[in-house]
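Enquirer: Everything below, folded, please.
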Amino acid sequence: MARADALLRHADKPWIDCATRAVRELAGRGQDFTADDVTALGVPDPDHPSRWGSLFAAAKRDGIISPVGYVASSRPSRNGGVTRVWRGTVETIQVTCAGCGRVLVASPDDEALIAMEGWYEDPEDRTWCGGCDAYDDQSVAS
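Expert: Predicted structure coming up:
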């Protein structure tokens, strides 16, 4: 596990953030998925292929996913190589910004992630993301 942590620690932060969000999203859908599905969401390949394994090892360690099998990869670059199939292990919620439509997927008890992302509810129980200018525009228009 220390090796997986070290590999992620040396990966570029934007890739880690993007890939982790994609894994959380897929885990919350209630369907089995692979690394191929992560790239299908638009996550680019990391600077080193072993970062994929580190990403999934960290998600498994954190209790977000569990392994359920293997399939042949659908990516041409993998030449039909075996890839692990994962399933989400925690119930997730999907919060959508009332202004820009940005989506955050988190476990219901992950208030720290929601707060870290700057999400908040207004007095009318609408949810807004921390980076959305639409809230200010909307409150001025009201």
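Enquirer: Tell me how many other residues surround the closest residue to residue 63 other than its chain neighbours.
Expert: Nearest residue to residue 63, sequence neighbours excluded (CB to CB, 6 or more residues apart in numbering): residue 89, at 5.8 Å. Every C-beta, even on glycine, is put in place using the N, C-alpha and C of the backbone. Residue 89 has 14 neighbours, counted by other CB atoms under 10 Å.
Enquirer: Quick check: residue 89 touching residue 24?
Expert: No: assessed by CB atoms under 8 Å, residue 89 is found out of contact with residue 24, at 11.5 Å.
Enquirer: what residues do those two have in common as contacts?
Expert: Contact with both residue 89 and residue 24 is made by residues residue 64, according to CB atoms under 8 Å, 6 or more residues apart in numbering.
Enquirer: was I right about residue 44 contacting residue 12?
Expert: No: using CB under 8 Å, residue 44 is not in contact with residue 12; the gap is 10.4 Å.
Enquirer: show me what contacts residue 74?
Expert: residue 36.
Enquirer: Would you mind giving the domain segments of this protein?
Expert: Annotated domains of the chain cover 2-88, 93-141 [automatic domain parsing].
Enquirer: Out of these, which gets the lowest mean score?
Expert: Ranked by mean pLDDT, the domains of the chain bottom out at domain 93-141, which scores a mean of 64.
Enquirer: those strands in this structure, which residues are they?
Expert: 65-72, 82-88, 93-96, 103-106, 120-121, 127-128 (DSSP state E).
Enquirer: ranking these by burial, who's on top?
Expert: Mean neighbours per residue, mean count of other CB atoms under 10 Å, is largest over the strands of the chain for strand 127-128, with a mean of 20.
Enquirer: by contact count, what packs against it?
Expert: Judged by 3 or more CB pairs under 8 Å, 6 or more residues apart in numbering; DSSP states H and E, strand 127-128 is in contact with strand 120-121.
Enquirer: Look at residue 23 and say how many residues are nearby.
Expert: Neighbour tally, residue 23, other CB under 10 Å: 27.
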